[in-house]
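J.: Please find the sequence and the predicted model below.
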Amino acid sequence: MSEYRIAKDTLGEVKVPANAYYGAQTQRAVENFQISSLHLPGSFIRAQAIIKASAAVANRDCGVLDKQKADAIIQAAEEIIDGKLHDQFVVDAYQAGAGTSQNMNANEVIASRAVELLGGEKGDWSIIHPNDHVNMAQSTNDTIHVAMNIAIAEELHRTLYPSIEKTIDALKEKEKQFHRIIKSGRTHLQDAVPMRLGSVFGGYAGTLSQVLTSLKQAESFVYEIGLGGNAVGTGINAHPDYARRAINEIARRTGLPFTPPSNRFTFMQNTGAAIQISSHLKELAIHLIKISSDLRLLSSGPRTGIAELTLPAVQPGSSIMPGKVNPVILENVYMISAQVIGNDACVATAGIGSQLEINVMMPVIAFNVLSSITILSNGMNGFTERCLKGLKANEERIKGLLEQNSAIATALNPYIGYEKAAEVAKESFREGKTVKEVAIEKGYVTKEEAEKALKPENLV
């Protein structure tokens, strides 16, 4: 059997691997874009297949696509929706033309599989044509954009939202678990007034809850999809009922409230929804860096650092220092978050690529937004399961550091004023005595007043 078959497109003949489902246009893209060996993810391929199946349903029901051809296209697309033939989507993530190659990759694979289902040989476009039948009433310019929105919406619900919610729940559990523990607060990395350890984790939970709310608000823009806009938004070559039927079918297949946009030309010209989502993913990354950095500081040591917290030991930390255990999960969260911030910079820069009627940078926007969702989801799952749930408080250490904290002299302000309280704080630090001892020794307060003012429970 020959290793290759000859495929044709409008530029001529191309050698294509004999058992490949794709055709000439995909093969040209493979040869032209040998960049990274990275591809748009399965979530995007699934979204493309949802569009192709929905378009075939709409065109069939509008009476413009033969039922036998439509049903074969729908069956082929549904196989891809279920995860089959994803290895046939071979165009590099860094491509060109707004994703024309990616769209044709889908058209050719679905056409070949549909031809097989009708008893023909893959690549026989005389039976089902990738452009005339699979891509009927469509353009790269609307389908790639719509696929991006579908994939983002599905992945938010399938992976990211559950990951954030699990992390929030774990943080709230630590808030309850650590509520009774009073520790030194710190501002500017210096000692500050006391606070509850539980309040620290409650703050983290509240921060992530706010980001989750913001993401869900921005999500509403993802549901406006301009399928049927075709090349520039006018819907050329599409049946008048096509867009409505196709979008309704997408909503049915995904179970998500996709709807036509209020202005289809606005949708065609911009990738605003993806840019908004990416911005909120960046915000999530920024907060995860803060939280992971805090926990690294609070667990630092374990002998020469703050060491108020103990992290679960998940792997040896050094190839040369025996017994060393590093905060690898927290470091991993930081690395992921740094990448997400970089991804957003790429998305913002690519967003500038919206000139006139189309953004030609859509593949790289989709790739980066979906990559951010994936690594954030996986990273937060690891953080929750392998770090947060097993995190413990070192109560003796926390108590000892609190007793040495001269900042609790702040509680004496109402009794002796700011200047005398500052004097007490400085002498406490200089002499290595507690604030309580110095204040009583100086006669500024009685023992009873000191006990009342400086009792840890009264300071929080």
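T.: Ah, there it is.
J.: which other helices and strands contact the helix or strand encompassing residue 200?
T.: For residue 200, the enclosing helix or strand under DSSP states H and E is helix 197-222. In this structure, helix 197-222 makes packing contacts with helix 140-155, helix 161-177, strand 182-187, helix 272-298, judged by 3 or more Cβ pairs under 8 Å, 6 or more residues apart in numbering; DSSP states H and E. C-beta here means a position set from N, CA and C on the backbone, and glycine is covered the same way.
J.: so how far is residue 424 from residue 444?
T.: Distance of residue 444 to residue 424, given as Cβ to Cβ, to the nearest Å: 7 Å.
J.: what residues do those two have in common as contacts?
T.: Counting by Cβ atoms under 8 Å, 6 or more residues apart in numbering, the contacts common to residue 444 and residue 424 are 412, 416.
J.: out of these two, which sits in the busier spot?
T.: Comparing residue 444 with residue 424 by other Cβ atoms under 10 Å, the one with more neighbours is residue 424, at 26 against 18.
J.: Surely that one is in contact with residue 439?
T.: Yes: contact criterion Cβ atoms under 8 Å: residue 424 and residue 439 qualify, at 5.0 Å.
J.: Name the residues contacting each of the two.
T.: Joint contacts of residue 424 and residue 439 (Cβ under 8 Å, 6+ apart) are 409, 412, 416.
J.: Assign residue 229 to helix, strand or coil.
T.: coil (DSSP: H, G, I helix; E, B strand; the rest coil).
J.: who's in contact with it?
T.: 139, 141, 142, 235, 243, 264, 265, 267, 268.
J.: again, 10 Å this time
T.: By Cβ atoms under 10 Å, 6 or more residues apart in numbering, residue 229 lies in contact with 138-139, 141-143, 145-146, 235-236, 238, 243, 260-261, 264-265, 267-268, 357-358.
J.: And the buried ones among these, selectable in PyMOL?
T.: Burial among the contacts of residue 229 is assessed by 16 or more other Cβ atoms under 10 Å; the matching PyMOL selection reads:
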select buried, resi 138+139+141+142+143+145+146+235+238+243+260+261+264+267+268+358
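J.: before we move on, the earlier item: now intersect the shared contacts of residue 424 and residue 439 with the helices, please.
T.: residue 416 (DSSP state H).
J.: and the shared contacts of residue 424 and residue 439 as TSV, adding neighbour count?
T.: Output for those, formatted as TSV (neighbours: other Cβ atoms under 10 Å):
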residue	neighbour count
409	27
412	24
416	19
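J.: Count the neighbours of the nearest residue to residue 275 once chain neighbours are set aside for me.
T.: Nearest residue to residue 275 in three dimensions, chain neighbours excluded: residue 351, at 4.8 Å (Cβ to Cβ, 6 or more residues apart in numbering). Residues lying near residue 351 (other Cβ under 10 Å) number 18.
J.: returning to that earlier point: go through the helix holding residue 200 and flag the buried ones.
T.: Residues of helix 197-222 classed as buried: 197-202, 204-205, 207-208, 211-212, 215, 218-219, 221-222 (neighbour count, 16+ other Cβ under 10 Å).
J.: For residue 270, see how far away the closest residue to residue 141 other than its chain neighbours is.
T.: Of all residues not flanking residue 141 in the chain, residue 358 sits nearest, at 4.9 Å (Cβ to Cβ, 6+ apart). Counting by Cβ to Cβ, the gap between residue 358 and residue 270 amounts to 10 Å.
J.: same question, residue 154
T.: Plainly put, residue 154 is 21 Å away from residue 270 if you go by Cβ to Cβ.
J.: Specify which residue of these two has the higher count of neighbours.
T.: Using other Cβ under 10 Å as the criterion, residue 154 and residue 270 rank with residue 154 on top: 21 against 15.
J.: need the contact list for that one.
T.: Per Cβ under 10 Å, 6+ apart, neighbours of residue 154: 43, 44, 46, 47, 50, 222, 254, 255, 256, 370, 373.
J.: So what's the residue count around the fourth one?
T.: What it means is residue 47. For residue 47, the neighbour count with other Cβ under 10 Å is 30.
J.: do the fifth one as well
T.: By other Cβ under 10 Å, 24 other residues sit near residue 50.
J.: again, but for the one 4 residues further on
T.: Burial measure for residue 54: 26 neighbouring residues, criterion other Cβ under 10 Å.
J.: Hmm, residue 395 is touching residue 177, no?
T.: No: between residue 395 and residue 177 there is no contact under Cβ atoms under 10 Å: 11.7 Å.
J.: Please identify every residue contacting each of these two.
T.: Residues touching both residue 395 and residue 177 by Cβ under 10 Å, 6+ apart: residue 197.
J.: What is the burial count for residue 12?
T.: Here the count is done by other Cβ under 10 Å, and residue 12 has 7 residues near it.
J.: That one: what's it in contact with?
T.: For residue 12, the contact set (Cβ under 10 Å, 6+ apart) comprises residue 24.
J.: For it, grab phi and psi.
T.: phi 130, psi -150 (degrees, to the nearest 10).
J.: and it, how far is that from residue 239?
T.: According to Cβ to Cβ, residue 12 and residue 239 sit 33 Å apart.
J.: Residue 352 too?
T.: Distance, residue 352 to residue 239, using Cβ to Cβ: 35 Å.
J.: Residue 17 now?
T.: Residue 17 is 36 Å from residue 239, by Cβ to Cβ.
J.: Which one's more surrounded, these two?
T.: Higher neighbour count among residue 17 and residue 239: residue 239, with 20 against 15, using other Cβ under 10 Å.
J.: which residues sit in contact with residue 204?
T.: Applying Cβ under 10 Å, 6+ apart, we find residue 204 in contact with 167-168, 170-172, 174-175, 287-288, 290-291, 294-295, 388.
J.: go again using 6 Å as the cut-off
T.: By Cβ atoms under 6 Å, 6 or more residues apart in numbering, the residues touching residue 204 are 171, 291.
J.: before we move on, which element is the closest residue to residue 375 other than its chain neighbours in?
T.: In this structure, residue 375 finds its nearest non-sequential neighbour in residue 336, 4.9 Å apart by Cβ to Cβ, 6+ apart. Using DSSP H and E, residue 336 falls within helix 328-351.
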